[in-house]
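Novice: here is my input, please return the structure:
(2 chains)
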Amino acid sequence: MITMKRLKVVALMAVLGFFASVVSVKAQDPAEGEQIFKNNCTSCHAATDEVVIGPGLKGISQRRPIDWLVKWVHNPQAVIASGDKYAVDLFNKYNKTQMTAFPNLSEGQIKSVVAYIDAQAAAPVPTAGAVTAAGAAPAEGSANGGMMQYIMIALLLIMVLVLVALLSIVSSLSKLASVSPDSPEAQNVPLLKRLAENGKKLAANSAFKTGAALLITLLIGKATIDAAYGVGIHQGYAPEQPIQFSHKLHAGQYQINCNYCHTGVYKGKGANIPSANICMNCHNAIKRESPEIQKIYRSLEKDEPIQWVRVHNLPDLAYFNHSQHTNVGGLECTNCHGEIAKMEVVQQRSTLTMGWCIDCHRKTDVNTKGNAYYDKLVELHSKDHKEPLKVQNIGGLECSKCHY
Amino acid sequence: MENNTKRYWRGIEELTNNAEFVKYAHREFGDAPTANEKGEALIDGTNTVRRDFLKVLGFGVSAVALAACEAPVKKAIPYLNKPEDVEPTIANWYASTFVDGGDYASVLVKTREGRPIKIEGNKASSVSKGALSARVQASVLSLYDNEKLKGALISGKASDWATADKEIIAELGKVAARGGQIRIVSNTILSPTTKKVIGEFIAKYPTAKLVTYDANSVSGLVQANGGILPSFDFSKAKTIVSIGADFLGTWIAPSEFAGQWAKTRRVSSAEGGNKEMSRHYQFETIMSNTGANADYRSTYKPSQEGLVVAALYNAIASKVGGANIGGAAVKVDHLDKAAADLVATKGASLVVSGSNDPAVQTVVVAINALLGAYGTTIDAGNPVNYRQGSDAEMTAFINEAKAGQIGAVVFYNANPVYNHPRGAELAEALPKIGLTISTNDRTDETGSLCKYSTPDSHYLESWNDAEPKRGHFSFTQPTISTIFKTRQAQSSFLTWAGLNGDYATYLENAWTSVLGGKVAWSKTLHDGVYEPGAGASFNVPQTGLADSVASISKNYKANSDKMELAIYEKVTMGTGSQANNPWLQECPEPVSKACWGNYAMVSLATAKKLGLDQEIELDTHEVEVSVNGKSVKLPFIVQPGQANDTVAIAIGYGRTKAGKSANEVGANIYPFASVINGNIAFSNTGDVQVKATGKSAQIARTQTHNTVMAREAVVQETVLSAYKKNVEAGRFKPTVSTAEGKKTATDISLWNGHKYNNHAWGMVIDLNTCTGCSACVVSCNAENNIAVVGRQEVINRREMHWMRIDRYYSSDADVEDVKGLEYASENPEVVFQPMLCQHCNNAPCETVCPVLATTHSTEGLNQMTYNRCIGTRYCANNCPYKVRRFNWFRYYQTDEYDFQFNNDLGRMVINPDVTVRSRGVMEKCSMCVQRIQAGKLEAKKEKRRPKDGEIQVACAQSCPTNAITFGDMNDETSEISKLLEVEHKGRAFGVIEEINVKPNISYLVKIRNKEEKVKKEEAAVEHKEHA
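Specialist: Coordinates of the predicted model:
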């Protein structure tokens, strides 16, 4: 296959109207600033005075005028090249590491980031704890299996009762039989022999045989059904990856936003495995000697892409769009992927079966707040229902929402 | 209420109810061989047949159980260095320009992960206005043609570019040194910068000369207009007369013309809405796509063409007080009426002719001058550049080549050996030329005879510009890096001229100086067009009318009972340059509904005269058509509406070296064209013989697969005068007798109906502006990954198209009226009806599916779920519209269906958002649910409702005449809601309303701008009452 890695032609994109991204024009909104900061800056900067890769940004608004900051963020190289003393000193101080340019950030957005940093400094938040796992429905895939188990246990109980009943009938019948003429000898038979004889009798008993056969059939049946339900389910699948990348370190300890590497997660169908150049944003300065990082360098040198092993495999017939769930639905990544921030090796936490999808679509409230798309739907729904609007109420269980 | 008493039929066999037709009529799949007879194995590469099903099943179950133990490891391979603008899974759009010879369209290219997958029109262009033909839609598949050249060749052996360049430069130098003639043979070149590059080449080799010709030449028209091709504007015309010009199908720029024409045909039932239409007369030999859409249509034989034009001139002249120019009288229906209308709408009249005879075109120029068309419907000050070919130049070149006077020749994307009438002579002469070079993308008929093959890149891989109309520029930018080791021909010319071969820079330099900077250049590339405009004054050419009439009198005859050959171009295939494109091969021609090949068409009367019995669909006669000694063997078709004593055959087929989809499909008819006044005439009035060979042949036709089952309300139509009186004219409103008396069929239902809170997607198709051009069919193929099934499977009635264009012939004649029927088939009226899943609210398919694989959505869509379908085909049987198609085979992985889905390159055209269906499942139009979902998601992300028009289905988007309106019927402000609000009280109807399936697709009654035939209808009613 011809991948488009060599696509050298990048003329201006002819963006269709509906692909145009909306850029917020509000100035100095700390909430917006937080979003931008976490998505773009945290991999190199802290809002405190701690040095990560670049300087800590606490008090940045006092250190530099905003105009300078805007120029710097848009194109640091140009500022350094212009011979700006502060910029050159900064460059030299941080081992001549080039800061990534963000030409797409508007002046308003940069001001918002600064406002956020100032707000952080003014009211220091308690140290950031573990990632709060907010989610509507915890990953739950055992619904079917659980039900099956209860039925099997109930059946087993009934079988045991039947067996006990049968045994008692057998023993009382044999007692009745032994009361007849030559009973005293029977009393003298040793216990073991008696048990063995009883066992023999039992084995010859057709009711017992039927019961046992039924039991075995049921157990095999259960095992088969369980196995059949498990076909194609790879919950817990945690393949070894070509590079031992730790989400625990990056997403957990350093709290790098998922979106920083998985660039498509709020925008498109796929969350996207990061390209090597995203790794290089930080690793051209950090831990360059690590043998794992060296693998990235090698693949860049050889022009051979890294072949990661896919962990989550949806069948081709199912259409899943990340942005629908993250951006529109407001779901956290952990909702489906589990506690990624604690995983040394990523594993599939959910079953990814259709039952699992449907289950969530039945239970989950639609994230309608502040989204004009849903206004009329909510209004119509609340006329007839007391419960909030669920995904299933807007066609979330329909075939063509995922299969086309 | 006015019910239609017309009789509709889809082919001669249905009209005459022939025995063979009746036998097959009710069978959906005819008498086709089953899979077993064909020996198709259940498992590829084995001999397992259907009876071994259980064995296979048993093995399959255990195989699944084993396979389940371990899942295959799938790799996820990201970019190493992700281009900034490419985000996987998100489509990018680039403005570009389609150019194939003189065919042009400004386009937007949709790319996914760097692969172009869909072409749509660029509405920013004031020339093409976003209209694309079926061929432009299909061009994206030609990019992934595996049979193109993969690098430079020297004498048929793979070589590298450096060696080829070195040898070519050396040889060119030798030829130039000894003063040998060098020729560059090309089709029309629309690019001014390419012409500049060729200029550089000529500057280096002064004996070089550019020879331009067109396979579908209009050089006679250019000559008659003083060397230019004027812009026609059909939208300003109130009376349109076309004499043999298929301007809605194939003539010059049909998509553009169709858009203009449709503007004059759009009416509204709203009070005070437009109720005026242009009147369109068509005089022609074959039943062309344009003739099928005309209000009045009559036929003439090719030998009469010049005299028809002269007679029209005389008729007009007599009304406006001009002189009679003479010419023998010729009897053609409606000619006087046409003249009267043309004169009545003087200043808003337009006459066009498809003739390539400058004498005929000179008379047409004179007619248009009389009618005051110049300056109104003809803009000669802004000429178009679509056809620059000169038949005289090409003839001269072939003569020189034959005489051994040419030292070197470069075929610049031209294939004259195949598509020039004198191709065979050229093929013989080529070995006499010392240096032969071809830039054609494959070793085609011409390229295979050349020593050097230096393949040009596909337009989607290229940089270029185009000037389709004076002062209107459109730009081509690559949307993918070159797939094979091809090189743009411009770079080759620059290299051979000893210059830097970087054409991208050359082009950029040329334009930055014009546009004033790199930023402007980038913006222009983004927009795709630059239109400074350059109107110039123009004088109507005053060429010798008298000489022309003398020439016409010499070359044409008023009466001839001899057999004549008409050569025409198919709407789908064109000149055959994209013949190896399976989408185009399988797209049925709108009128004959035949695909995969050409055939000999004759009228019913002529067929009888020739003693050829009625054809049936699966089997027809093979005939041998011979003209002046040359002959071809082809299947035979009776074509209603064709001139008697003519046989018509299409160009574009009979390729021998184009690739596996095109080779040996049909026969090449180019060599049969004749020459009149030094120009190629696409007809032959010489010694034409048609004889049955006694063999039978098959034609892949999609019509008459399914019958209308005597249901009346499939198509509805009326005439303009009746419509003006009553906007519901022509509407058929079926009634049903109930216990409470007669009721309208749509008022009775067993069902409770659906409630749509969110969206209610719907579509309106205007039969009045649908020309049948089939752009929607190909667009749907591309958008929805529809499999190509090949000629034999089409014959087996298993084509997979979700969108088809049904064509109905109609006549007022009664079934018993033998004479009337014969007349009817001689010149029937035609209706085109795009037919796709109607997304019924009371869907018959949904109720019969045993596994609920087809269900109704809360947005009004009829959903088809492939992964649930078990292939019972109950739904297809219960569908009144026959729009469900079944996957009989695994088309994407079976050697027999070796089309785009069967190689890795062809698969690159697959739309990743749509599933490729497997064997054994039903499929049908999904109303582009992937686009609906994507559009909704975009709106949700921006926290708003979708805007009307931002969600477009592929067929509506690609319609050059905007005959299809798609939208949300719940949104009161949407175009479709407004349209339906008006037309529910007027023209809107559902197909087969009497069964009340409540389709979400409405059609608008077709209106013909004809006189009312009051008497006949009354007579018919009376007749029925008596009976």
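Novice: ok, how many other residues are close to residue 281?
Specialist: This is for chain A. Residue A:281 is surrounded by 18 other residues when neighbours are defined as other Cβ atoms under 10 Å in any protein chain shown. No exception for glycine: its C-beta is placed from N, CA and C like everyone else's.
Novice: I was thinking of chain B, sorry if that wasn't clear
Specialist: 24.
Novice: give the pairing partners of the host helix or strand of it; include direction for each.
Specialist: With elements taken from DSSP states H and E, the one containing residue B:281 is strand B:279-284. When sheet partners are counted by DSSP bridges, strand B:279-284 sits next to strand B:239-243 (parallel), strand B:296-299 (parallel).
Novice: with distance to residue B:74 and mean pLDDT as extra columns, can I get the ones you listed in JSON lines?
Specialist: Supplementary listing: the strands paired with strand B:279-284 in JSON lines, determined by distance: least, Cβ to Cβ, whole Å; pLDDT from 0 to 100:
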{"stretch": "strand B:239-243", "distance to residue B:74": "58", "mean pLDDT": "96"}
{"stretch": "strand B:296-299", "distance to residue B:74": "59", "mean pLDDT": "94"}
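Novice: picking up where we left off before, next secondary structure after the strand holding residue B:281?
Specialist: Per DSSP H and E, the first helix or strand lying C-terminal to strand B:279-284 is helix B:289-293.
Novice: outline the domain layout of chain B.
Specialist: Residue ranges for the structural domains of chain B, counted by automatic domain parsing, are given in the record as B:7-26+B:706-1008, B:35-67, B:92-143, B:153-217+B:389-460+B:478-498, B:229-267+B:277-383, B:561-701.
Novice: list the contacts for the residue most central in space within chain A?
Specialist: In chain A, the C-alpha nearest the mean C-alpha coordinate belongs to residue A:337, at 1.2 Å (Cα atoms, centre = their mean). The contact partners of residue A:337, taken as Cβ atoms under 8 Å, 6 or more residues apart in numbering or on different chains, are A:312, A:346, A:349, A:350.
Novice: that older thread, let's have the strands paired with strand B:279-284 in CSV, adding mean neighbour count.
Specialist: What follows is the strands paired with strand B:279-284, written out as CSV (neighbours: other Cβ atoms under 10 Å in any protein chain shown):
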stretch, mean neighbour count
strand B:239-243, 28
strand B:296-299, 22
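Novice: would you list those in JSON lines and tack on distance to residue B:162?
Specialist: Supplementary listing: the strands paired with strand B:279-284 in JSON lines, determined by distance: least, Cβ to Cβ, whole Å:
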{"stretch": "strand B:239-243", "distance to residue B:162": "53"}
{"stretch": "strand B:296-299", "distance to residue B:162": "59"}
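Novice: out of these, which gets nearest to residue B:549?
Specialist: Closest to residue B:549 of the strands paired with strand B:279-284 is strand B:239-243 (Cβ to Cβ; 15.5 Å).
Novice: all the helices of the stretch 351-500 of chain B, residue numbers only.
Specialist: The residue ranges that make up the helices of the stretch 351-500 of chain B, judged by DSSP state H, counting those that start in this stretch, are B:358-370, B:391-402, B:416-419, B:423-429, B:489-496.
Novice: right, so of those, which gets closest to chain A?
Specialist: Between chain A and the helices of the stretch 351-500 of chain B, the shortest separation by Cβ to the nearest Cβ is 15.0 Å, and it involves helix B:489-496.
Novice: how about the helix or strand following that closest one as CSV, C-alpha atoms only?
Specialist: Note on helix B:489-496: by DSSP H and E, the next helix or strand toward the C-terminus is helix B:503-515. As requested, C-alpha coordinates have been extracted for helix B:503-515 and formatted as CSV (Å, rounded to 0.1, in the frame of the first residue of the first chain):
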residue,chain,number,x,y,z
TYR,B,503,7.0,22.1,-14.0
ALA,B,504,5.5,22.9,-10.6
THR,B,505,8.0,25.8,-10.2
TYR,B,506,7.6,26.8,-13.8
LEU,B,507,3.8,27.0,-13.3
GLU,B,508,4.2,28.9,-10.0
ASN,B,509,6.6,31.4,-11.5
ALA,B,510,4.3,31.9,-14.4
TRP,B,511,1.3,32.7,-12.1
THR,B,512,3.0,34.5,-9.2
SER,B,513,4.0,37.2,-11.7
VAL,B,514,0.4,37.5,-13.0
LEU,B,515,-1.3,37.3,-9.6
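Novice: tell me the buried residues in the following helix or strand past helix B:503-515?
Specialist: Scanning forward in sequence from helix B:503-515 by DSSP H and E, the next helix or strand is helix B:518-527. By 16 or more other Cβ atoms under 10 Å in any protein chain shown, the buried positions in helix B:518-527 come out as B:521, B:524, B:525, B:526, B:527.
Novice: for the stretch 201-350 of chain B, which segments count as helices?
Specialist: Counting by DSSP H, counting those that start in this stretch, residue ranges of the helices within the stretch 201-350 of chain B are B:219-224, B:254-263, B:289-293, B:305-320, B:335-344.
Novice: show me how far the longest one is from its chain's centre.
Specialist: Computed by Cα atoms, centre = their mean, to the nearest Å, the separation of helix B:305-320 from the middle of its chain amounts to 32 Å.
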